[in-house]
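Enquirer: below are the sequence and a predicted model; questions follow.
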Amino acid sequence: RLVANPGCYPTCSILALMPLLKRGAIDPSSIIVSAASGITGAGRKADIAYNFCETSENFKAYSVTGHRHTSEIEEVLSMQTGTEIVLTFTPHLAPMMRGMLATIYADVYSGAGLAEIRAAYDDDYKNEFFVRFLPEGVIPETRNVSNSNFADISVFFDERTGRATILSAIDNLGKGASLQAVQALNIMFGFDESEGLI
């Protein structure tokens, strides 16, 4: 009867991390999320920091510690994995109207390579219409998800450092807000989840 629609940063981060965390493939204490949102992610408040002349041709971090969505990301990941997740999250404002790209780093436990890491995403998202796990080596771009309910995800593994880099792109106003709410409504009322979204 009730659905809590997650925010854009949690959606982008949770979809990217869940397959590896569920399988215990990464060290939960090593997770760093660096995500950039279009200016619309800051809302419509009349604040000089978000005026066009302040944001155009500029790229900056904000709420470097204690961002309001950090606890939401940690709570959902902890609930889903049964492990307390405490991560580092830094949001940024990018000089674009809409879109979001998260770059996520995590230490991979020994024994897992790129093939095993990719298999986790293939398995979890093979039947998820709105989550597109990209072919090996393909990097998500915000323009490919703009004005849509799609999430594009890719994963890379650096054997030298033993670290995974996960990239996740969504439209902060679409998949990160209103279109995801329509998807939730469709599921609640027994419609096909893509009804009205493609």
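Expert: Now that the structure is in, tell me what you want to look at.
Enquirer: and the helix-or-strand element of the chain with minimal mean pLDDT, C-alpha only, in PDB?
Expert: Among the helices and strands of the chain, helix 52-55 carries the lowest confidence by mean pLDDT, DSSP states H and E, at a mean of 74. The C-alpha trace of helix 52-55 is given here as PDB (Å, rounded to 0.1, in the frame of the first residue of the first chain):
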ATOM      1  CA  PHE A  52      22.900  30.100 -14.000                       C
ATOM      2  CA  CYS A  53      25.900  32.400 -13.800                       C
ATOM      3  CA  GLU A  54      27.300  30.600 -10.800                       C
ATOM      4  CA  THR A  55      26.800  27.100 -12.200                       C
END
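Enquirer: how about residues contacting that helix?
Expert: Judged by Cβ atoms under 8 Å, 6 or more residues apart in numbering, the contacts made with helix 52-55 from elsewhere in the structure are 39, 48-49, 93, 95. Every residue, glycine included, has its C-beta placed from N, CA and C.
Enquirer: buried ones among those residues?
Expert: The neighbour count (16 or more other Cβ atoms under 10 Å) marks 39, 93 as buried among the contacts of helix 52-55.
Enquirer: and of the contacts of helix 52-55, the nearest to residue 180?
Expert: Within these, the smallest distance to residue 180 is 19.6 Å, found for residue 39 (Cβ to Cβ).
Enquirer: and that closest one, what pLDDT?
Expert: Residue 39 carries a pLDDT value of 86.
Enquirer: before we move on, what about residue 120?
Expert: Value for residue 120, per-residue pLDDT: 96.
Enquirer: just checking, it touches residue 19?
Expert: Yes. If you go by Cβ atoms under 8 Å, residue 120 and residue 19 touch, sitting 4.1 Å apart.
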